[in-house]
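Trainee: What follows is a predicted structure for the sequence shown.
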Amino acid sequence: MSSCQKLKTLDLAENRLTGSIPTEIFKLSNLTSLYLGQNLLGGSVPSEVGNLKELEYFDVSGNHLSENLTSSIGDCSSLRFLILARNNLSGQIPGSFGKLTSMEILDLSSNKFSRKILLDLENLQYLRKLNLSFNYLEGEVPIGKIFPNLSSFSLQGNNELYSSNQEIARTFGVSPCKTKRTIRKNMLKILASAAGATLVAASCARRCGIRVMLDSATKAKYCHIASAMDYLPNDCNPPIVHSDLKPENILLDEDLTAHVGDFGLARFISENLSQGKSSTIGLKGSIGYIAPRGKASRSGDVYRFGILLLEIFIAKKPTDAMFKEGLNLNEFASAMTLNGQALNHIIDPRLFKNINDGSPMQSLSITSSSNSSNRTNHSYSMEKYEECLGAVIRVGLACAAQNARDRLSIT
């Protein structure tokens, strides 16, 4: 293909091409249009792309491209349309984009780009359409020469973007300030650090239920649910409460990432909405997960999340036969903790089996040798492990407090 030096347009879009993008393509120095979108291409965008000085249209959307985007793309001085949407590209948007002064349409949506929006984009005076939605961009939206000249733009789905200007925040659909978002983000970090290292999950098929993982001994990250409980009431417009968070409504994908499902009892939060106008007013949730007073609220979802955490780590359902005559799961955990019971009397014993067996928790494993160094390391690992488990229980209890005023806040 590299011998076709007079070729100007190459359209291989909407096929089932696999593998990486062949570097030979970038030896076609007269190429002005390259369409590779909607294939199964992987790997990175080759640095040789910078050789195409005449390239005006470059579309590789809808593939499986990953890694950081090469800065050499800034050498494509004639580039007018760049479509990289729906890939897995990561890292910062290259500063070399500032050299693409002929750019008219730039679509980087649905990737994993992070850090701040580059001020270098101010140099793109002919830019008409900009789509940076659904990435991991953060920081304040720059108020300058980037956006005023655009006829179309999108920043939605970047939950760490904010603007101190209320009007700008409404226009771009980002958070109106940094403080509230930072507080919530730090809270989620606490939850993740407490639960992420010790959570029990199942090696189950795509989109299986979390009830399965409660009966297994495979680790997985599960704190994505905390992110969902933050996103629904704080980032949706209007705000939403789920109202029925329980194991059966948590789904796992192929890499055991947790997702909240079943929004049958979800409610919009509105000060002007009359309770009598809701068709779900009589449906308050599932037995054992209903907060005292049973109202659909942010606090109610926090309560359900707390019960869910306790259920996972204590391995007892809130509807267990032992919970009767006013005793419930959170009161049981609280009473046991206050009475000075050791964690191994409360926590699912399978969690301690993992560390004692040395598998699968390799970071905490010990060898069969009985020397004092190994015993010391094991003792230290067990201490840290119990400290982490204790933090999870405290978070669960703080979320599942009987009085709504005593619960952790997600606002």
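Mentor: Okay, I see it.
Trainee: Could you list the single helix or strand in the chain with the lowest mean pLDDT?
Mentor: One helix or strand of the chain scores below all others by mean pLDDT, DSSP states H and E: strand 200-201, with a mean of 34.
Trainee: Find me the pLDDT at residue 387, would you?
Mentor: You'll see residue 387 listed with a pLDDT of 72.
Trainee: ok, so what distance separates it from residue 73?
Mentor: 47 Å (C-beta to C-beta, to the nearest Å). Every residue, glycine included, has its C-beta placed from N, CA and C.
Trainee: surely residue 303 meets residue 398?
Mentor: No. Using C-beta atoms under 8 Å, residue 303 makes no contact with residue 398, being 10.5 Å away.
Trainee: So for the two, which residues contact both of them?
Mentor: Common neighbours of residue 303 and residue 398, using C-beta atoms under 8 Å, 6 or more residues apart in numbering, are residue 407.
Trainee: Neighbour count: those two, which is higher?
Mentor: residue 303 (25 against 15; other C-beta atoms under 10 Å).
Trainee: Convert the helix or strand hosting the more buried one to CSV, retaining C-alpha atoms only.
Mentor: Element membership for residue 303 (DSSP states H and E) is helix 298-314. Extracted in CSV, the C-alpha atoms of helix 298-314 (Å, rounded to 0.1, in the frame of the first residue of the first chain):
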residue,chain,number,x,y,z
ARG,A,298,-30.9,11.3,49.5
SER,A,299,-30.6,10.2,53.1
GLY,A,300,-32.7,7.1,52.4
ASP,A,301,-30.3,6.0,49.7
VAL,A,302,-27.3,6.6,52.0
TYR,A,303,-29.1,4.3,54.5
ARG,A,304,-29.5,1.6,51.9
PHE,A,305,-25.9,1.9,50.9
GLY,A,306,-24.8,1.4,54.5
ILE,A,307,-27.0,-1.7,54.9
LEU,A,308,-25.5,-3.0,51.7
LEU,A,309,-21.9,-2.5,53.0
LEU,A,310,-22.7,-4.2,56.3
GLU,A,311,-24.4,-7.1,54.5
ILE,A,312,-21.4,-7.7,52.2
PHE,A,313,-18.8,-7.7,55.0
ILE,A,314,-20.8,-9.4,57.8
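Trainee: Give the other helices and strands that it contacts.
Mentor: Contact here means 3 or more C-beta pairs under 8 Å, 6 or more residues apart in numbering; DSSP states H and E; on that basis helix 298-314 packs against helix 224-235, strand 240-241, helix 329-338, helix 372-399.
Trainee: Now the weakest link among these, please, by mean pLDDT.
Mentor: Among the helices and strands packed on helix 298-314, helix 329-338 scores lowest, at a mean of 62.
Trainee: Give the residue spans of the stretch 1-150 of the chain that score low on pLDDT.
Mentor: 143-149 (pLDDT under 70).
Trainee: now with 80?
Mentor: Along the stretch 1-150 of the chain, the parts satisfying pLDDT under 80 run over 1-2, 118-122, 140-150.
Trainee: Show me how this structure divides into domains.
Mentor: 9-175, 181-406 (automatic domain parsing).
Trainee: just to revisit the earlier point, pick out whichever of residue 387 and residue 73 has more residues nearby.
Mentor: It is residue 73, of residue 387 and residue 73, that has more neighbours when counted by other C-beta under 10 Å, with 23 against 11.
Trainee: can I assume that one is in contact with residue 44?
Mentor: No. Counting by C-beta under 8 Å, residue 73 sits too far from residue 44 to count as a contact (11.2 Å).
Trainee: Can you name the residues that contact the nearest residue to residue 400 once chain neighbours are set aside?
Mentor: Once flanking residues are discounted, residue 400 sits nearest to residue 306: 3.1 Å by C-beta to C-beta, 6 or more residues apart in numbering. Counting by C-beta under 8 Å, 6+ apart, residue 306 touches 330, 395-401, 407-408.
Trainee: Please report how far residue 306 lies from residue 405.
Mentor: Residue 306 is 14 Å from residue 405, by C-beta to C-beta.
Trainee: and if you look at residue 122?
Mentor: Distance of residue 122 to residue 405, given as C-beta to C-beta: 48 Å.
Trainee: higher neighbour count, these two?
Mentor: Neighbours were counted for residue 122 and for residue 405 using other C-beta under 10 Å; residue 122 has more, 15 against 7.
Trainee: A strand includes that one, no?
Mentor: No. Counting by DSSP: H, G, I helix; E, B strand; the rest coil, residue 122 is located in no strand; its state is helix.
Trainee: any idea how far residue 153 is from it?
Mentor: Where residue 153 is concerned, residue 122 sits at a distance of 14 Å (C-beta to C-beta).
Trainee: Residue 84 too?
Mentor: Counting by C-beta to C-beta, the gap from residue 84 to residue 153 is 16 Å.
Trainee: Comparing the two, which residue is more hemmed in?
Mentor: Neighbour totals were compared for residue 84 and residue 153, and residue 84 leads with 25 against 17 (other C-beta under 10 Å).
Trainee: just the buried members of the contacts of residue 306?
Mentor: Those of the contacts of residue 306 that meet the buried threshold are 330, 395-397, 399-401, 407-408, by 16 or more other C-beta atoms under 10 Å.
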